[in-house]
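Student: could you look at this predicted model? Sequence included:
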Amino acid sequence: MSIEKKVFGVTKDGKEASLYTLRSESGMEAAVTNFGAVLVSLLVPDHKGGRLDVVLGYDTLREYEENGAFLGSTVGRHANRIGGAKFTLDGAEYHLVANDNENNLHTDKNHGFHKVMWKGEPDEAANAVKFTYLSPDGENGFPGNLTMTVTYTLLADGIQISYDGVSDKKTVINVTNHTYFNLGGHDAGSIEDERLTLRASGFTEIYPGAIPTGRILPVEGTPMDFRKPRRIGDDVDADWEQLNLVGGYDHNWALDTEFGKVEKFAELTDDRSGITMDAYTDLPGVQVYTANGLTDRKGKSGAHYARREAVCLETQYFPNSVNIPGFRQPIFDAGTHCRTTTVYRFR
């Protein structure tokens, strides 16, 4: 399959961004840009003979230069939250920007991985595009010169996102993709009727600021129990402390899958389109975010997006794990690769 490349625009500082479009014979189509290694669109065949773009996004590069909600973004060096905006490695304390009250969220809203220019390399044989970025020692407060690659591979029934990071110093690497999914179509409105299943019997309890306490609580008997399929909207507004803290679902589930092995961890179904998405990862957790804080904004093709009109399934190491010894650590020695894969398949 051929990969189409075209100019996506010019950044405010004069750098030209490219948009790569990948297509499969099955009708799948994805567009990605080297600005932020962002997934711009993902067209999926529906059950009516058409195709739906199932990810929220923007039409222009300038909008991605703003992108306060991280639509479609590659997030790093560290996704999610770090309590107190600091951590310690081998006795040295590293300070990050406090951009979520006193905590750090998604590294840096203005200069994280989603706001830098990556090198794009199309691979037509694999129907993939590999993006590479060198994050210099000290960038955003993290140690080490980190070479990071993110590869989007279009499959016959979905998309695979592969990550590979290696640093010349011991450092933290916890990169994710922040795509907002709506399986009824990016402009289809509320996702509260979509049915979610999670292969997870526990979640990381949070305190105000959405920082994990260090305890993994059972989902049994709580609004967090998605071990069997049910509507996202069933309990999203339940008067329950953990939900009240973040206005709905914005929590990390501790997956029952095997760490290091790519296994199915979630299923999402939309009855309007008939589309089901199966999600796979080799990581220990997933942040499920029901777009509680997505304010009204203009999206692709004249669409308007608002609260609860998408759901994110952000595969990851647990939030703030670098400060919680009992959690699996996203810490990698110099020369040690952080390799991980996430796959979204549609049927």
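Tutor: Received it, and whenever you're ready, just let me know what you need. Numbering: from 1, shown residues only.

Student: can you give me the helices for the stretch 201-347 of the chain?
Tutor: 241-244 (DSSP state H, counting those that start in this stretch).

Student: ok, which stretches of it are strands?
Tutor: Here the stretch 201-347 of the chain has its strands, by DSSP state E, counting those that start in this stretch, at 202-207, 211-218, 230-231, 250-254, 263-270, 275-281, 285-289, 297-298, 304-305, 312-316, 331-332, 338-346.

Student: Phe8: which of those strands is closest?
Tutor: Judged by Cβ to Cβ, the one of these that comes nearest to Phe8 is strand 297-298, at 17.7 Å. To be clear about C-beta, it is placed using only N, CA and C from the backbone, and glycine gets the same treatment.

Student: and the closest one, average pLDDT?
Tutor: Mean pLDDT, taken over the full extent of strand 297-298, equals 96.

Student: what lies in contact with that strand?
Tutor: Residues external to strand 297-298 that are found in contact with it (Cβ atoms under 8 Å, 6 or more residues apart in numbering): Ala69, His304, Tyr305, Ala306.

Student: nearest to Gly274 among those residues?
Tutor: Using Cβ to Cβ, Tyr305 is the member of the contacts of strand 297-298 that lies nearest Gly274, at 22.3 Å.

Student: the closest residue to the closest one other than its chain neighbours and Cys338, how far apart?
Tutor: Taking Cβ to Cβ, 6 or more residues apart in numbering, and ignoring the residues beside it in sequence, Tyr305 has Gly299 as its nearest neighbour in space, at 4.7 Å. Separation of Gly299 from Cys338 (Cβ to Cβ, to the nearest Å): 32 Å.

Student: just to revisit the earlier point, most widely separated two among the contacts of strand 297-298?
Tutor: Of all the pairs that the contacts of strand 297-298 form, the one spanning the most space (Cβ to Cβ) is Ala69 and His304, at 13.3 Å.

Student: and the two? Which one has more around it.
Tutor: In terms of neighbours (other Cβ atoms under 10 Å), Ala69 is the more surrounded of Ala69 and His304; the figures are 18 against 11.

Student: what about that one, which helix or strand?
Tutor: Remark: Ala69 resides in no helix or strand, with elements defined by DSSP states H and E.

Student: what pLDDT does it get?
Tutor: Reading off the confidence values, Ala69 has pLDDT 97.

Student: show me what contacts it?
Tutor: By Cβ under 8 Å, 6+ apart, the residues touching Ala69 are Tyr180, Ala291, Gly293, Leu294, Thr295, Arg297.

Student: ok, of those residues, which one's closest to Gly84?
Tutor: Gly293 (21.5 Å).

Student: how many other residues sit next to that closest one?
Tutor: By the measure other Cβ under 10 Å, the count of residues near Gly293 is 13.

Student: what of Gly202?
Tutor: When counting by other Cβ under 10 Å, one arrives at 18 neighbours for Gly202.

Student: would you reformat the contacts of strand 297-298 as CSV and include distance to Tyr280?
Tutor: Conversion of the contacts of strand 297-298 to CSV gives the following (distance: Cβ to Cβ, whole Å):
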residue, distance to Tyr280
Ala69, 25
His304, 32
Tyr305, 26
Ala306, 29
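
Student: which one of the residues you listed is nearest Glu314?
Tutor: If you rank those by distance to Glu314 using Cβ to Cβ, Ala69 comes first, at 12.8 Å.

Student: for burial, what's the neighbour tally of the closest residue to Gly184 other than its chain neighbours?
Tutor: Closest residue in space to Gly184, ignoring its immediate chain neighbours: Arg272 at 4.3 Å, by Cβ to Cβ, 6+ apart. Counted with other Cβ under 10 Å, the neighbours of Arg272 add up to 16.

Student: so Arg272 touches Gly189, yeah?
Tutor: No. The criterion here is Cβ atoms under 8 Å, and Arg272 misses it with Gly189 at 9.4 Å.

Student: which stretches of the stretch 51-200 of the chain form strands?
Tutor: Remark: strands assigned in the stretch 51-200 of the chain by DSSP E, counting those that start in this stretch are 51-53, 73-75, 81-82, 86-89, 92-95, 104-105, 119-123, 128-135, 146-154, 158-167, 171-172, 176-178, 195-198.

Student: Asp237 is nearest to which of those?
Tutor: Across the strands of the stretch 51-200 of the chain, Asp237 has its closest neighbour in strand 195-198 (15.3 Å, Cβ to Cβ).

Student: let's see that closest one as PDB, backbone CA atoms only.
Tutor: Taking Å, rounded to 0.1, in the frame of the first residue of the first chain, the C-alpha atoms of strand 195-198 are listed here in PDB:
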ATOM      1  CA  ARG A 195     -20.600  -0.200  26.500                       C
ATOM      2  CA  LEU A 196     -17.200  -0.800  28.100                       C
ATOM      3  CA  THR A 197     -15.500  -3.900  29.400                       C
ATOM      4  CA  LEU A 198     -12.200  -3.900  31.300                       C
END
